[in-house]
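> Turn this into a structure:
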Amino acid sequence: MAKKVPLRQCVGCGEMKGKKDMLRVLKTAENEFCLDATGKKNGRGAYICRSRECLLQARKNKGLERSFKTSIPKEVYDALEKEFEDLEAE
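Now for the predicted structure:
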């Protein structure tokens, strides 16, 4: 029997994709936000496709705000975009 692939919905485009194909945005207990490339850190997570367009879309449609039920400062999005660039550069 084939192993079931865990699917997650992108907060940007709304597409369902495999967990491994996505990046996890993490909200820690200290209310800090970061990218969790491993998908294993503790905290509340929301998933986003590994494309810049989806991050911009999530920013526009407030996808992360809905996931975390809290307002997210502009600096957080800027920091996430920076982390995204670093990941793409690897």
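> shaky segments in the protein?
Within the chain, the stretches falling below the threshold (pLDDT under 70) are 1, 89-90.
> 90 instead, please
Across the chain, residues meeting the criterion (pLDDT under 90) sit at 1-6, 19-44, 49-56, 58, 63-64, 68, 70-90.
> Three-state assignment for Ala46, please.
strand (DSSP: H, G, I helix; E, B strand; the rest coil).
> so it sits right up against Gly63, yeah?
Yes: when contacts are counted by Cβ atoms under 8 Å, Ala46 is listed as touching Gly63 (7.4 Å). C-beta here means a position set from N, CA and C on the backbone, and glycine is covered the same way.
> shared neighbours of those two, which are they?
Here Ala46 and Gly63 have Val11 as joint contacts, going by Cβ atoms under 8 Å, 6 or more residues apart in numbering.
> List the strands paired with whatever helix or strand Leu23 lives in, with their directions.
Using DSSP states H and E, Leu23 sits within strand 22-27. Applying DSSP bridges, strand 22-27 is found paired with strand 33-36 (antiparallel), strand 44-49 (antiparallel).
> Deepest in the core, which of the ones you listed is it.
Stretch with highest mean neighbour count among the strands paired with strand 22-27: strand 44-49 (a mean of 21; mean count of other Cβ atoms under 10 Å).
> Dump that strand to PDB, restricted to CA.
The C-alpha coordinates for strand 44-49 follow below in PDB (Å, rounded to 0.1, in the frame of the first residue of the first chain):
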ATOM      1  CA  ARG A  44       2.200  27.100  15.100                       C
ATOM      2  CA  GLY A  45       3.000  26.700  11.400                       C
ATOM      3  CA  ALA A  46       1.500  27.900   8.100                       C
ATOM      4  CA  TYR A  47       2.700  26.600   4.800                       C
ATOM      5  CA  ILE A  48       3.700  28.500   1.700                       C
ATOM      6  CA  CYS A  49       4.900  27.300  -1.800                       C
END
